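> Here is my input; please provide its structure:
(chains A, B, C and D)
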There are 2 protein chains.
Amino acid sequence: MAVDETDKLRTARITIHDVAAAAGVSKSTVSRILDERLPQSDNETARRVRKIATDLGYVRDVSAASLRRGKTMTVGVIVPRLTDTVMAMLYESLAKACSRSGRFAIVATTDDRPKADRLAAESLLHRSVDALILATAREDDDFPTILTERGVPYVLALRTDGRSLSSVGDDRLGGYLATRHLLDLGHRRIGLIAGPSYASSGRGRVEGYKQALLEADINIDPDFVVGSTFGIDSGAEAAATLMNMKNRPTAIFAVNDNTAIGALSMLTKMGLSVPGDISLVGYNDIPIVSHLPTPLTTLRVPFDQIASEALDLLAASTIAEDDRIRISAPTLIPRKSTARVKI
Amino acid sequence: MAVDETDKLRTARITIHDVAAAAGVSKSTVSRILDERLPQSDNETARRVRKIATDLGYVRDVSAASLRRGKTMTVGVIVPRLTDTVMAMLYESLAKACSRSGRFAIVATTDDRPKADRLAAESLLHRSVDALILATAREDDDFPTILTERGVPYVLALRTDGRSLSSVGDDRLGGYLATRHLLDLGHRRIGLIAGPSYASSGRGRVEGYKQALLEADINIDPDFVVGSTFGIDSGAEAAATLMNMKNRPTAIFAVNDNTAIGALSMLTKMGLSVPGDISLVGYNDIPIVSHLPTPLTTLRVPFDQIASEALDLLAASTIAEDDRIRISAPTLIPRKSTARVKI
DNA sequence: ATCGTTAATGGGAACGTTCCCACTATCGTT
DNA sequence: AACGATAGTGGGAACGTTCCCATTAACGAT
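Below you'll find the model as predicted:
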């Protein structure tokens, strides 16, 4: 008998009815008292019901609640891949921010395939997410338009298409700070590993770079701006290109830490010392770069803030036209990979 | 009017009723025909209903289905952190394997806090996952017991407690292969950065190391086995410890790529060349290690297979006593960080 | 021709919640 | 003392599915 009891407790789910019965009120009352969206009432009854609910170990059935409410309290996140540490950091920040507001973030990856964001979105929408957060925005993409047409709320993160609601880092500022840092160290010939043109993040950093050079009255040598992907290999190639020039740069600003790591490899391979022969700046401050043989000077991106702003944009019902793109400022983290230029 | 129509189509969800009405059958019939668990019937009606369903753009409401079925087709994954690339790889493999069986993997992180797996599990169980996959198992932990008592199906991945259903890599073999590789290159004094004792993965690799040395009739010098966490810094420290010995090793096997990267940093800082002065082997083959200045020799872990086996264990209703722990073999990937010992 | 067997169908009750609505009690106001 | 406003309560219908059950149709065997 006692066994049966505990057995029941273990398997059978405790519903709102059980709580209602135990408290001697109706299920409606319990539902209202436990509704986390309503202002928390502190009735005698309310307190008692809450106590009983926790004592009984009641947890709301999300399926039932979602079905009735028409909301799942779930946000879908689409990233190229989680093995890209930058994306993992973004996702962790988003997950944290979601849980603060009682929501849950689920993630799908596109595996870097260009149009795979559609599939990823489909799989997330099948799970009835309330909204999407995309970290895969490309300049020319019409995917946001499709989402709008389908009535799916979404926000772009880290990259923007310039039109959609977006929460991004201040890439222009970051690019400026990085370049300015190198200028302050006396560098005049600064190479840029520029990243792909489709990503707004990369483009912004390039603009910041140019702005800093202009301010310092330095001509922008187009040869010093080398395109790349965001991958490590590409960074290595770009570094080789820069280093094989006749009047080669004394410093390199890489569009992200991955390309910086690739550049570092290549420079080492070429027998150049960092920062002895050449200074190097990355971007993102992924955990590994502070532990490299030469800890990397880089820009720390406030992922937590970017995540908060993204959710904030989702929550807001109306958004002023000039507030559609939230921009969070990065911080320069000087480490060992940058030094005063040798004369 | 026409506007109203399209507007309705856009917002109002298409239900099984709509499909039934359009096909002139009952909702029960539609439900049965679209049930993906039943063998796909190819009636005249079945084909017609399926066609109409896709034409209308019907997608099953997961909340309603979950509520009624009592299953969510969702698997919860708990990892220490996704910024650990190994864990990101595992999660991506699990997500892929889940989607193959029509399920979805959601993830929660413990942020490396020892008992945070309870919280993570709680947050996942709140979302009514059907099962859990844990990559956080510790030797002495009673968390699995708790889960069993609560009747939550679970499988351990990458690490095992020796009792629970588990899908792991063959760490002993991996350790053996790594060490054997170094032995084959003529190394006799091989240092080991051993990892924390609570993780079965680390312990297995240590055993493999010892086995290889024993086979080669080499005494195991306990000083050559240095404990560590799985972190980069810790790898650096351990490498320093090893290199500061009077009769120091000519090769180091690091328990994972992170510690190997730390070790590489430290060795470089100490002015030692890899593999010129010292050979180095890592473990896991995370993407970055093939792009380091010295591409790292390491062991590739078959994450996809480990993920499949984990889901397989979840699916199996009964499991033979000797089949509770599935073991997948890793592969040695020789790169530039290991070379024949200098005489 | 009749019977039993199998296969396909539709009606309707569940799953656990939320939310609309009607109802009662309480309170301050005139 | 009577009144309207306000707050709290409970009944019951929804949300979209699945699944049990009863019914009908089809078919081969006797």
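> residues from chain A in reach of DNA strand C?
A:13, A:15-17, A:27-28, A:31-32, A:34-35, A:58, A:60-61, A:64-65, A:67-69 (C-beta under 7 Å from any atom of the strand). Any C-beta I mention is one placed from the backbone N, CA and C, and that applies to glycine too.
> Just the ones of the residues you listed in helices?
A:16-17, A:27-28, A:31-32, A:34, A:64-65, A:67-69 (DSSP state H).
> Of the residues you listed, just say which sits nearest to residue B:193.
residue A:65 (48.8 Å; C-beta to C-beta).
> Spatially central residue in chain A, please.
residue A:90 (2.9 Å; C-alpha atoms, centre = their mean).
> thought that residue was touching residue A:303?
Yes: here residue A:90 reaches residue A:303: they are 5.4 Å apart, a contact under C-beta atoms under 8 Å.
> about what we covered before: phi and psi next, for the residue nearest to the centre of chain A.
phi -60, psi -50 (degrees, to the nearest 10).
> For chain B, see how far away it is.
10 Å (C-beta to the nearest C-beta, to the nearest Å).
> Find me the pLDDT at that residue, would you?
Looking at residue A:90, its pLDDT stands at 98.
> And the residue lying closest to residue A:27 once chain neighbours are set aside, which helix or strand is it part of?
In space, and not counting its chain neighbours, residue A:27 is closest to residue A:20: 4.4 Å by C-beta to C-beta, 6 or more residues apart in numbering or on different chains. Taking DSSP states H and E as the definition, residue A:20 sits inside helix A:16-23.
> show me where pLDDT drops low in the stretch 101-250 of chain A?
Judged by pLDDT under 70, the stretch 101-250 of chain A has no weakly predicted residues.
> Smallest gap between it and DNA strand D, at which residue?
For the stretch 101-250 of chain A, the residue closest to DNA strand D is residue A:128, as judged by C-beta to the nearest atom of the strand, at 9.9 Å.
> how about that residue, secondary structure?
What DSSP: H, G, I helix; E, B strand; the rest coil gives for residue A:128 is coil.
> these two touch, right, it and residue A:69?
No: counting by C-beta under 8 Å, residue A:128 does not reach residue A:69; the two are 11.0 Å apart.
> higher neighbour count, the two?
residue A:128 (20 against 13; other C-beta atoms under 10 Å in any protein chain shown).
> burial of the spatially closest residue to that one that is not a sequence neighbour, as a residue count?
Computed as C-beta to C-beta, 6+ apart, the closest residue to residue A:128 that is not its neighbour in sequence is residue A:72, at 4.9 Å. Close neighbours of residue A:72, defined as other C-beta under 10 Å, add up to 23.
> From residue B:152, how far out is the residue nearest to the centre of chain A?
30 Å (C-beta to C-beta, to the nearest Å).
> about what we covered before: list buried residues within the residues of chain A next to DNA strand C.
Neighbour counting with 16 or more other C-beta atoms under 10 Å in any protein chain shown marks A:15-16, A:34, A:58, A:60-61, A:64-65, A:67 as buried within those.
> from those, which is closest to residue A:193?
After measuring those against residue A:193 - C-beta to C-beta - the closest member comes out as residue A:65, at 49.0 Å.
> give me the subset of the residues of chain A next to DNA strand C touching DNA strand D.
Of the residues of chain A next to DNA strand C, the ones that also sit near DNA strand D (C-beta under 7 Å from any atom of the strand) are A:27-28, A:32, A:64, A:67-68.
> Which residues of the stretch 51-200 of chain A lie near DNA strand D?
So the stretch 51-200 of chain A meets DNA strand D at A:64, A:67-68, A:70 (C-beta under 7 Å from any atom of the strand).
> and which of the residues you listed is nearest to chain B?
residue A:67 (4.1 Å; C-beta to the nearest C-beta).
> where's residue A:162, which helix or strand?
Per DSSP H and E, there is no helix or strand for residue A:162.
> how close does the closest residue to it other than its chain neighbours get to DNA strand C?
Using C-beta to C-beta, 6+ apart and skipping residues adjacent in sequence, the residue nearest residue A:162 is residue A:200, 7.1 Å away. Going from residue A:200 to DNA strand C by C-beta to the nearest atom of the strand, to the nearest Å gives 38 Å.
> And residue A:235, by the same measure?
50 Å.
> Neighbours of that residue, how many?
The burial count for residue A:235: 31, using other C-beta under 10 Å.
> residues in contact with it?
A:193, A:228, A:254, A:258-263, A:266 (C-beta atoms under 8 Å, 6 or more residues apart in numbering or on different chains).
> hang on, the earlier thing: show me what contacts the residue of the stretch 101-250 of chain A closest to DNA strand D?
Contact analysis of residue A:128 by C-beta under 8 Å, 6+ apart lists A:66, A:72, A:74, B:61-63.
> tell me which of those is nearest to DNA strand D?
Nearest member of those to DNA strand D, counting by C-beta to the nearest atom of the strand, is residue B:61, at 3.5 Å.
> Contact residues of the stretch 101-250 of chain A facing chain B?
A:104, A:106-109, A:123, A:125-128, A:149-151, A:232-233, A:236 (C-beta under 8 Å from any C-beta of the partner chain).
> Neighbour-wise, which one of those leads?
residue A:107 (27 neighbours).
> Look up phi and psi at the closest residue in space to that residue that isn't next to it in sequence.
Counting by C-beta to C-beta, 6+ apart, residue A:107 lies nearest to residue A:77, which is 4.6 Å off, once chain neighbours are set aside. The phi/psi pair for residue A:77 (degrees, to the nearest 10) reads phi -120, psi 130.
> what's the burial count for residue A:77?
Residue A:77 has 27 neighbours, counted by other C-beta under 10 Å.
> measure it to DNA strand D for me?
25 Å.
> Might you report the residue contacts of that residue?
A:91, A:94, A:105-108, A:132-133, A:135.
> Break down chain A into its helices, ranges please.
A:2-11, A:16-23, A:27-34, A:44-56, A:62-69, A:85-100, A:116-126, A:143-150, A:171-184, A:200-215, A:232-243, A:257-269, A:303-315.
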